[in-house]
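A.B. asks: Model the following, please.
(chains A and B)
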Amino acid sequence: MNPEEGSKFTGDDKQTTQENPELIGLDAVINCSPLPQFVINRDHKVIYWNQALEEYSQINASDVRGTDKHWKAFYNSKRPCMVDLLIDEDIEGLSYWFSDNCKMSELVEGAYEVEKFYPKRGLNGKYLHFTASAIKDHNGNVIGGLESFEDITQRKLAEKDLQESEHKFRSLVENLNVGVYRNSIDPNGYFIQVNPAFARMFGYDSTREIMEIKVMDFYRDPQQRRLFLEDLKRDGSVTGRELHLKKKDNQPIWVSVSAQAHYDANGSINWADGIIEDITHRKLAEETLLKSEKRYRSIVENINDGFCIHDFEGNIQDCNENFAMMFGSTMKEMIGTNLDEFSSTEMMFEKNNVVGKLKNKGIVEFDADFKQKDGTISYYNIKSSIVSHEGDGRVHSFLRDVTKRREMEEILHESENTAQKRLMEIEAIYNSAPIGLCVLDRNLRFVRINDRMAEINGFPSEEHIGKTIHEIIPDLAEQGEEAAKEIFETKKTVGSREFNGVTPAQPGVLRTWLEKWYPLKDSSHEIIGINVAALEITEIKKADKALKKSEEKLRLAIEGADAGMWLWDLENDIFEWTDHYKNIFGINPDPNMSYNDFLNSVHPDDQETVNNTTQRTLQYGEDFKVEMRTIWPDRSVHSVYSMGRLFYDLQGKPKEMIGIAIDITPSKIAEQELQETLKQLKKSNAELEQFAYVASHDLQEPLRMITSFLQLLQRRYEHQLDSDANEFIQFAVDGATRMQELVNDLLAYSRIERRTGKFEDVDTEDILKQITFDSRLLIEENNADISYDNLPVVHADYPQMAQVFQNLISNSIKYNNQENPIIHISAEKKDSDWVFKVEDNGIGIDPKHEERVFKIFQRLHGREEYEGTGIGLAIVKRIVERHGGMIWYDSQPGKGSTFYFNIPQGDMKL
Amino acid sequence: MKYKLVTAVEVLLVEDNPGDVRLIQEVFKEAKIRNVLHVARDGEEAMKMLHLKGENPTRLPDLILLDLNLPKKDGRDVLKEIKKDDSLKCIPVVVLTSSIRDEDLIETYKNNANCYIAKPVDLDRLIKVVQNIGEFWLDIVKLPPR
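C.D. replies: Okay, the predicted model is just below:
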């Protein structure tokens, strides 16, 4: 039915009551009702609109009566009110328009209620409770509807509050695990009463269930119940007894029970009332706490540090044994004391601002020294952390004995100082080292460099730092990179290696260095840098080149000279020869010949000598010189003379021996033969001399007899003998005398070599003086003039030199026909010889006598002409030759003679 | 005081060569020195004679002429012995020898011979030498008293 349809009935009280007699009296009732009400007829037209509603809706009854505009009081747009729907018996519409808010009234049958919140009404919105019902006649026909409402805002709010608090209360109650009970004290008794909470606590559905169970059955341990009852009987109450009971499902439950006994008139207990609280969680928590505390305690006990719990003031609340031991005390003694008491510095805590830091950061670490019970002081490192700020605070502190550490620190400090000094010394050494040193990082930047290296590079040390090798020494960078690469790859030292290039120190000049690159590793053996050492070998290289050149020259020269050259590579033990080897050893050389191979091809008897010589050369660097024999394959023995020298490498290590070898076999043989001959000669000479000496000496004796007695005879008996006899005797005497002279001369001649006189500095002028004095008679008799000049001091045998001059001079005087024999002696230095000259104006020497002049006993004249034995010049020659010189002459018959002889002044060894 | 006027000189000649002995004798004659010449033919005989004579000091010789090369006991040893013997060392010893060796010369003087004379080959010279010896040792030189 469309509510907007107009209705026959308009708002007229009378009319309404006339048509609806049942409604008479109703309007008075309605009007007086304090609750806003209105009535509509079957046509949805307002019949009644009470005052309260008027006031509420501000719509006059007169305006709305007879209309269907009653919705205006409640809604902004037209829609059915509850009563509209009731009249039409539109229950679906009800649920549609009023959704779930609408329900049947419990109080009035057929009436519906709805509660709704109207936010726009009033200040903060209003809660309105509508009640509507259909009005039915006796027959049950709907004749109209009544709707009233009530502002239940207040009530609602109150209800809401109540609900809330009830909710709170309920939850409180529900969570409050407090059970209440009453039971008998009979051990086998039951519960008299329990509350639902009790039931819930124990997992029972209802209290009734519990009542059927014995109290004892709740206990796990019956003994506990008995004890409980005993205490209750004795004390009348038990407070806060913790019991371990079991729930319905046998799960354990911890409870706290407080019970009060009830006495009857006679003073005996009827029952007990108690409250029971589930403390399972608490208990579990306690247990867990206990466990963790146990574990925690065991940890604490087992750590090596001292551990204590204290407040902000340092009052010790708990500690472990170590802590106590640290102070030479016991745990018991320590608890309650204050940390400051033990500190040797007063107010340790304050000093270190322990509390402040703790509060600030929650943790703090500091060092302190503590006095032990026995007075010794130890050092501790303390780490504290806040556990709780509340009250006096709760701090956990760990103490570690660092006395040793302190000592070590002292020592370390000392050694650090020393190390520092050492470091400075090393720095100084490093810096002033004569070889270049530097350190490069992984990117080949200079990290450190010494003066010498900086000098090599041509920049001040400081300028190097941070720059790469490319920037400083571009010409050598490539070689440097190669070396660095090798180091990074092999992780081993590279070198010694030659680096060639130019540095800015000497632009355009190619120089060479011998370098070693070392990897610098950290503690985990990772390469963090490179250490470089560089030695300049430019000059050495030059010298080496020159050497190589001259070596080559030498090689050619030697080959030209037909000698074999050998080279012994010491490092690889390889003996190299030129082709001339064949001439030395008779076979071609083995290319891989070692020193031992060579030694084995030497004559066995000479091997030791050769090896010894080699060893001496290797050890002392002596020049190698040795004569040895080799045996050729054809068994022939050859003599070899080998000369060599040891050469060293750039680092002063023996590198190689180089030498030449010459076959001296032919000359050797000849020499040997020569030696033999010489030996023989010497021997026969000696024998000869000996013979001559002995002969002449022994001949003297008989000769003397002959001569002497003949002369005696002459003397004594000259007058008694006839002339023949005298003549005979004279001949005999002459013969004997002559023989005597011969023997004398022979003796003298033979004694020339036998003389043991040493050579000394002889002043020849002195000799001449002596001779001219000694022979003054002879000189006078012959009217001879003897002059001399420029006579030197020579190294010679004095008496023999004297003999030389004596003989020459006496010859000059003898073989002279002149009225005035003139003899001149002089000397001249030629090279290292003194050449003496004895000139006379004597008779000269016929060339045909050339061969015999110096021969012994060879006279060039008869006895009648000149006396003499012919030994004079032979003696002179012998003496001169003994001095290493020679004698010769210049002469022509009738033109005088000049005799020359030289006396060498070099180091004469005879 | 001229010994040669009063008494003849006692000369001990130690010489193994008979020729030389006779020579010396004749030469002393030629030299006109009054002498008693005692001759010992070898070193041993010389020492024996000296020691014998020594028992009577007045019989020791005024002069000893000693040859070096002697049989049995060498003249060099005789010289040494004489010059070591307190009773004999004052007697002048003239070594008269044909040896021309330097060693002999040096050794002779080292062993305190009074002088060394090489026997001259020439007779005249020998006479001269003996004359000189006589003059020198027996006339000029003062000999110790017996």
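A.B. asks: which residues touch the residue of the stretch 251-400 of chain A found nearest chain B?
C.D. replies: The nearest approach of the stretch 251-400 of chain A to chain B comes at A:Thr376, 98.4 Å away (Cβ to the nearest Cβ). To be clear about C-beta, it is placed using only N, CA and C from the backbone, and glycine gets the same treatment. A:Thr376 sits next to no residue when contact means Cβ atoms under 8 Å, 6 or more residues apart in numbering or on different chains.
A.B. asks: Give me the pLDDT for it.
C.D. replies: With respect to pLDDT, A:Thr376 has a value of 78.
A.B. asks: got it, and A:Ala477?
C.D. replies: 92.
A.B. asks: again, but for A:Glu881
C.D. replies: A:Glu881 is given a pLDDT of 88.
A.B. asks: Could you do B:Gly134 as well?
C.D. replies: pLDDT at B:Gly134 comes out at 80.
A.B. asks: Phi, psi for the closest residue to it other than its chain neighbours please.
C.D. replies: Leaving aside its sequence neighbours, B:Gly134 sits nearest to B:Ile33 (Cβ to Cβ, 6 or more residues apart in numbering or on different chains; 4.2 Å). Backbone torsions for B:Ile33, taken as degrees, to the nearest 10, come to phi -110, psi 120.
A.B. asks: For burial, what's the neighbour tally of B:Ile33?
C.D. replies: Neighbour count of B:Ile33, defined by other Cβ atoms under 10 Å in any protein chain shown: 20.
A.B. asks: tell me the contacts of it?
C.D. replies: B:4, B:9, B:130-131, B:134, B:138.
A.B. asks: Weed out the non-buried ones from those residues.
C.D. replies: B:9, B:130-131, B:134, B:138 (16 or more other Cβ atoms under 10 Å in any protein chain shown).
A.B. asks: Can you tell me the element A:Gln479 falls in?
C.D. replies: helix A:474-490 (DSSP states H and E).
A.B. asks: Could you pull out the buried residues of that helix?
C.D. replies: Buried, per 16+ other Cβ under 10 Å, within helix A:474-490: A:476-477, A:479-480, A:483-484, A:486-487.
A.B. asks: Am I right that A:Glu676 sits in a strand?
C.D. replies: No: counting by DSSP: H, G, I helix; E, B strand; the rest coil, one finds A:Glu676 to be helix, located in no strand.
A.B. asks: who's in contact with it?
C.D. replies: Going by Cβ under 8 Å, 6+ apart, the list of residues near A:Glu676 is empty.
A.B. asks: So which of the contacts of B:Ile33 are in strands?
C.D. replies: B:Val9 (DSSP state E).
A.B. asks: Any chance of JSON lines for the contacts of B:Ile33, columns distance to A:Tyr56?
C.D. replies: What follows is the contacts of B:Ile33, written out as JSON lines (distance: Cβ to Cβ, whole Å):
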{"residue": "B:Lys4", "distance to A:Tyr56": "215"}
{"residue": "B:Val9", "distance to A:Tyr56": "211"}
{"residue": "B:Val130", "distance to A:Tyr56": "209"}
{"residue": "B:Gln131", "distance to A:Tyr56": "211"}
{"residue": "B:Gly134", "distance to A:Tyr56": "210"}
{"residue": "B:Leu138", "distance to A:Tyr56": "209"}
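A.B. asks: Return the closest of the contacts of B:Ile33 with respect to chain A.
C.D. replies: B:Val130 (12.0 Å).
A.B. asks: ok, that closest one touching B:Lys29?
C.D. replies: No: counting by Cβ atoms under 8 Å, B:Lys29 is not a contact partner of B:Val130; they are 9.7 Å apart.
A.B. asks: Spell out which parts of the stretch 551-700 of chain A neighbour chain B.
C.D. replies: A:697, A:700 (Cβ under 8 Å from any Cβ of the partner chain).
A.B. asks: Can you give me the buried ones in the helix or strand hosting A:Asn612?
C.D. replies: For A:Asn612, the enclosing helix or strand under DSSP H and E is helix A:604-620. For helix A:604-620, burial by neighbour count (16+ other Cβ under 10 Å) applies to A:606, A:610, A:613-614, A:617.
A.B. asks: what helices or strands is it leaning on?
C.D. replies: Other helices and strands packing on helix A:604-620, by 3 or more Cβ pairs under 8 Å, 6 or more residues apart in numbering or on different chains; DSSP states H and E, are helix A:595-600, strand A:624-631, strand A:637-648, strand A:654-663.
A.B. asks: and the spatially most central residue of chain B, which of the three is it?
C.D. replies: Geometric centre of chain B, nearest residue: B:Leu65, 1.4 Å, by Cα atoms, centre = their mean. The three-state label given to B:Leu65 by three-state DSSP is strand.
A.B. asks: and the one residue in the stretch 601-750 of chain A that gets nearest to chain B, what does it touch?
C.D. replies: Residue nearest to chain B within the stretch 601-750 of chain A (Cβ to the nearest Cβ): A:Gln711, separated by 3.5 Å. Residues in contact with A:Gln711, defined by Cβ under 8 Å, 6+ apart, are A:733, B:122-124.
A.B. asks: pLDDT score assigned to the nearest residue to A:Leu339 once chain neighbours are set aside?
C.D. replies: Distances taken as Cβ to Cβ, 6+ apart place A:Gly314 nearest to A:Leu339, at 3.9 Å, with adjacent residues excluded. We have a pLDDT of 80 for A:Gly314.
A.B. asks: ok, now the one 3 residues further on?
C.D. replies: A:Gln317 is assigned a predicted lDDT (pLDDT) of 86.
A.B. asks: What is the neighbour count of it?
C.D. replies: What A:Gln317 shows, counting by other Cβ under 10 Å, is a neighbour count of 14.
A.B. asks: can you tell me which residues contact the residue lying closest to it once chain neighbours are set aside?
C.D. replies: The shortest distance from A:Gln317 to any non-neighbouring residue, by Cβ to Cβ, 6+ apart, is to A:Ile309 (4.7 Å). Contact analysis of A:Ile309 by Cβ under 8 Å, 6+ apart lists A:316-319, A:387, A:394-397.
A.B. asks: A:Glu365: which of those residues is nearest?
C.D. replies: Proximity of these to A:Glu365 (Cβ to Cβ) peaks at A:Ser397, which lies at 10.1 Å.
A.B. asks: what helix or strand is A:Lys516 on?
C.D. replies: Judged by DSSP H and E, A:Lys516 forms part of strand A:511-521.
A.B. asks: How far off centre is stretch A:656-670?
C.D. replies: 57 Å (Cα atoms, centre = their mean, to the nearest Å).
A.B. asks: can you check stretch A:75-82 too?
C.D. replies: With Cα atoms, centre = their mean, you get 97 Å for stretch A:75-82.
A.B. asks: Give me the pLDDT value at residue 6.
C.D. replies: Answering for chain A, as no chain was given. pLDDT, read off for A:Gly6, is 40.
A.B. asks: wait, I meant chain B there
C.D. replies: So B:Val6 comes in at 52 (pLDDT).
A.B. asks: what's the answer for B:Leu12, then?
C.D. replies: 93.
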